[in-house]
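> Here is a sequence with its predicted model. Questions after.
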Number of protein chains: 2
Amino acid sequence: MNDQVPVGERVAETLRRRITEGHLAPGTQLRDVALAAELGVARHTLRSALRLLEYEGLLTYQMHKGVIVKTLSTLDVREIYRVRRTLELSAIEHSALVTEADLSRLDATVRAAELALAGQEWNRVGTASLRFHQALVALLGSSTFDQLFRGVLAQLRLAFALMPDEQTWQSPWISRDREICDLVCGGGRDSAKALLWQYLDDSERGVLDVVRRNGTEVPKSNQPNSVRQVPTGVRQEV
Amino acid sequence: MNDQVPVGERVAETLRRRITEGHLAPGTQLRDVALAAELGVARHTLRSALRLLEYEGLLTYQMHKGVIVKTLSTLDVREIYRVRRTLELSAIEHSALVTEADLSRLDATVRAAELALAGQEWNRVGTASLRFHQALVALLGSSTFDQLFRGVLAQLRLAFALMPDEQTWQSPWISRDREICDLVCGGGRDSAKALLWQYLDDSERGVLDVVRRNGTEVPKSNQPNSVRQVPTGVRQEV
DNA sequence: CAACCTAGGATTGTGGAACAATCTGCGTCA
DNA sequence: TGACGCAGATTGTTCCACAATCCTAGGTTG
């Protein structure tokens, strides 16, 4: 009946997929008139979709210069992991209060990741792992955090897209996911927190490496006016 | 130079103020063509501002029915406090790692609140108290959380606007803010967390009461989908 | 008299064209 | 070489149009 979704949001969804699946590389400039034509929507509609994705942190706006797919800076990566640490560790603490069903749902996500790994469906492994962490945060029972975390993980994929070989990067994490999951489900929350802390540290280091490596090889011309990266594009004024 | 802000965001800012300061009561329907005329911007521009505020949780969209200023449900309130608990408690934990300057900034916000209280500037007391909690979350050092929290507090003001007498509601919290602040600054983090937990529980209960009381008095006409038409606190001057 | 149906107006959702503001690149001139 | 300026391109915003949907009043029917 009333659950129809505005065109703008559907457009945002397809663009989000294109970006997070790596079809639109970071730094790509999106020309609105062309994109609108390609997607068969009006310029306004497309722009509203772009605003949404900017709010989610996937795009970077610059007045009168247009939008580009966000290229993560090292600051952005640190910010992402700051959020991850806060939310995921809080979630583990909070896991003392959740139901058995919640925990089994959590376990299911890890099992899915293990299946993808065993089946050597490499491109799914990363997604499955992220889904475990999403399920972890979901233990907090907060739709706000769920939404926020979805955006953060989407940003993280911007970095994954730069990985030289996703396969060797993604594989080692699954067993650590399993350890953490078992500890959470078994009530070993403090150990789980310690493991997760280490996990996030290692992960952050890896992502930072890639971003740094990729950031330094800036192709010639654009040093001077390189994109003003206000960490989240938010105007602070209190 | 380059820091110009799009018209849409400025419009969003003025609307945000009108809402959080209570000039636009919850439930008020916003007719886009009228509002656009009043604010002197195009309909598209206004709509983009509305989308932003919807994303922030201050407005509620319904396809083909328009936007209304969000009326907090009890679920919304619980969600707000879930977020507050997670972020503020995490912030206290994190306060072990922040600088002396950060802590003194925190202290300054409480002092400001105390001044407002002493000066009997009641309408400022609430804002000042919220600013303390904002500063607390800022200890996490995450712009993402800062932005999120700003939106959450804005939503909370939707409930404050319903308070029968803000004065007696707001006053008692300041001394508790002071206690918490002192404990955080003095390193008594566990005690601070306990106090804050109690604080948030009490606060949540109070807000829930108001929301419930206000939600049940559905005025006579029980039409399912009717939106309460507050006579519009907006000055028309077309 | 009540319940259902219908038509018309009102409001929203989206599209399209136009114009002003600004950026960018290139050629000119010193 | 380097500064200047101009023209094309792209964005930001406005105005207008129209289809889709909702809402309401009023009429019809049982």
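That came through, no problem.
> Quick test: name the residue nearest the centre of chain A.
A:Leu153 (1.6 Å; CA atoms, centre = their mean).
> That one touches A:Phe132, doesn't it?
No. Contact between A:Leu153 and A:Phe132 fails when scored by CB atoms under 8 Å: they sit 10.9 Å apart. Placement of C-beta: from N, CA and C, glycine included.
> re earlier: check which helix or strand covers the residue nearest to the centre of chain A.
Element membership of A:Leu153, judged by DSSP states H and E, is helix A:143-160.
> Grab the CA positions of the following helix or strand past that helix and hand them over as PDB.
Using DSSP H and E, the helix or strand that follows helix A:143-160 in sequence is helix A:166-170. Taking Å, rounded to 0.1, in the frame of the first residue of the first chain, the C-alpha atoms of helix A:166-170 are listed here in PDB:
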ATOM      1  CA  GLU A 166      41.300  -9.400  -1.700                       C
ATOM      2  CA  GLN A 167      41.600 -13.100  -1.400                       C
ATOM      3  CA  THR A 168      44.700 -13.300   0.800                       C
ATOM      4  CA  TRP A 169      43.500 -10.200   2.700                       C
ATOM      5  CA  GLN A 170      40.100 -11.500   3.600                       C
END
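> A:Val184: what's it in contact with?
A:Ile92, A:Ser95, A:Leu103, A:Leu106, A:Leu136, A:Ala192 (CB atoms under 8 Å, 6 or more residues apart in numbering or on different chains).
> From these, which land in helices?
Secondary structure from DSSP state H places A:Ile92, A:Leu103, A:Leu106, A:Leu136, A:Ala192 of these in helices.
> By neighbour count, which of those wins?
A:Leu136 (28 neighbours; other CB atoms under 10 Å in any protein chain shown).
> Just the helices from chain A, written as ranges.
For chain A, the helices defined by DSSP H occupy A:7-20, A:32-39, A:43-56, A:74-94, A:100-118, A:122-138, A:143-160, A:166-170, A:173-186, A:189-216.
> Go through the last one and flag the buried ones.
Same thing as helix A:189-216. A:189, A:191-193, A:195-196, A:199-200, A:203-204, A:207-208, A:210-211, A:214 (16 or more other CB atoms under 10 Å in any protein chain shown).
> And chain B, is stretch A:54-69 touching that?
Yes. Stretch A:54-69 is in contact with chain B by CB under 8 Å from any CB of the partner chain, via A:Tyr55, A:Gln62, A:Met63.
> For B:Asp165, state which of the ones in helices among the contacts of A:Val184 is nearest.
Nearest to B:Asp165 among the ones in helices among the contacts of A:Val184 is A:Ile92, at 41.7 Å by CB to CB.
> Provide a list of residues in contact with the closest one.
A:Leu136, A:Leu139, A:Val184, A:Arg189, A:Ala192, A:Lys193, A:Leu196.
> Now the fifth one: closest residue in space, sequence neighbours ignored.
Taking CB to CB, 6 or more residues apart in numbering or on different chains as the measure, A:Ala192 lies nearest to A:Leu183, with 3.8 Å between them; neighbours along the chain are not counted.
> ok, the one you found - how many residues close by?
20.
> and it, what does it touch?
With CB under 8 Å, 6+ apart, A:Leu183 has these contacts: A:Arg189, A:Ser191, A:Ala192, A:Leu195.
> hmm, 7 Å instead?
Under the criterion of CB atoms under 7 Å, 6 or more residues apart in numbering or on different chains, the neighbours of A:Leu183 are A:Ser191, A:Ala192, A:Leu195.
> Show me the shaky parts of chain A.
A:1-3, A:216-238 (pLDDT under 70).
> which bits of it sit near DNA strand D?
Within reach of DNA strand D by CB under 7 Å from any atom of the strand, chain A has these residues: A:1-2, A:4, A:29-33, A:43-44, A:47, A:61-67.
> wait, isn't A:Leu106 in contact with A:Cys181?
Yes. A:Leu106 is within contact range of A:Cys181, at 6.0 Å (criterion: CB atoms under 7 Å).
> follow-up on the earlier one: among the residues of chain A next to DNA strand D, the buried ones, what's the PyMOL command?
PyMOL command restricting the residues of chain A next to DNA strand D to the buried ones, with burial defined by 16+ other CB under 10 Å:
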select buried, chain A and resi 30+44+47+61+67
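> near DNA strand C, from the residues of chain A next to DNA strand D?
A:Arg43, A:His44, A:Met63, A:His64, A:Lys65.
> Test my guess that the second one contacts B:His44.
Read it as A:His44. Yes. With contact defined as CB under 7 Å, A:His44 reaches B:His44; the gap is 5.2 Å.
> Outline the domain layout of chain A.
A:7-69, A:74-216 (automatic domain parsing).
> Now do the end-to-end distance for the first one.
I take that to be domain A:7-69. 21 Å (CA to CA, to the nearest Å).
> same deal with stretch A:176-194?
12 Å.
> okay, the contacts of A:Leu183 in JSON lines with distance to A:Ser73 next?
Output for the contacts of A:Leu183, formatted as JSON lines (distance: CB to CB, whole Å):
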{"residue": "A:Ser191", "distance to A:Ser73": "34"}
{"residue": "A:Ala192", "distance to A:Ser73": "31"}
{"residue": "A:Leu195", "distance to A:Ser73": "28"}
